[in-house]
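Peer 1: return atomic coordinates for the entry below.
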Amino acid sequence: MARILIVEDDTFTASVVTRILTDGGHTVTRAVDGLQGVAKAVDEKPDLIIMDLGLPSMDGWGATRTLKGDPKTSKIPILALTANLTPDDREEAYNAGCDAFLTKPAAADVLLGRIAELLKA
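Peer 2: Here you go, the predicted structure:
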């Protein structure tokens with residue numbers, strides 16, 4: 001299965017998503033803020049990144065722009081998973097380079113289905 005990086009500052013959310021992904025057969029690592037997320041993505045080259053948008057030090061929009069602007073990480077699919085629910089948030093996520101967008105909480109089957117779609121693309 002896939003190697004997935006979760007960039008999420010909330011410990012509870014990260015643990016729930018990690019459980020869903022590991023139960024689905026994926027290997028998971030975590031970053032707690034945007035800066036750490038960018039560094040881990042560059043070092044680890046995950047198959048997919050799940051990005052919260054409201055992060056400390058560097059928000060998810062900035063981290064996504066940085067990753068999509070770097071030839072070493074630009075092809076890694078990024079799924080925004082966030083509590084930011086406005087149409088502007090969704091549009092800004094896509095403009096930053098996110099490949100897909102889900103709101104929290106996402107049902108396990110929806111999350112795993114979206115990940116499968118992104119990994120096939």
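
Peer 1: dump the lowest-mean-pLDDT helix or strand in the chain to PDB, restricted to CA.
Peer 2: Each helix and strand of the chain was given a mean pLDDT (mean pLDDT, DSSP states H and E); the minimum falls on helix 87-96 at a mean of 88. These are the backbone C-alpha positions of helix 87-96, laid out as PDB (Å, rounded to 0.1, in the frame of the first residue of the first chain):
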ATOM      1  CA  PRO A  87     -16.200  28.100  -0.500                       C
ATOM      2  CA  ASP A  88     -13.300  30.500  -0.400                       C
ATOM      3  CA  ASP A  89     -11.300  28.000   1.700                       C
ATOM      4  CA  ARG A  90     -11.900  25.300  -0.900                       C
ATOM      5  CA  GLU A  91     -11.000  27.500  -3.800                       C
ATOM      6  CA  GLU A  92      -7.900  28.700  -2.100                       C
ATOM      7  CA  ALA A  93      -6.900  25.100  -1.400                       C
ATOM      8  CA  TYR A  94      -7.200  24.200  -5.100                       C
ATOM      9  CA  ASN A  95      -5.400  27.400  -6.100                       C
ATOM     10  CA  ALA A  96      -2.500  26.500  -3.700                       C
END
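
Peer 1: that helix: what's the following helix or strand?
Peer 2: Using DSSP states H and E, the next helix or strand after helix 87-96 towards the C-terminus is strand 100-103.

Peer 1: give me the contacts around that next one.
Peer 2: With contacts defined as CB atoms under 8 Å, 6 or more residues apart in numbering, strand 100-103 is touched by 77-85, 90, 93-94, 110-111, 114, 117-118. From N, CA and C alone the C-beta is placed, and that goes for glycine too.

Peer 1: next secondary structure after that strand?
Peer 2: Later in the chain than strand 100-103, the nearest helix or strand by DSSP H and E is helix 108-120.

Peer 1: now do that next one: distance to the chain's middle.
Peer 2: Put simply, helix 108-120 sits 12 Å off its chain's centre (CA atoms, centre = their mean, to the nearest Å).

Peer 1: just stretch 5-13 next, same as before
Peer 2: 9 Å.
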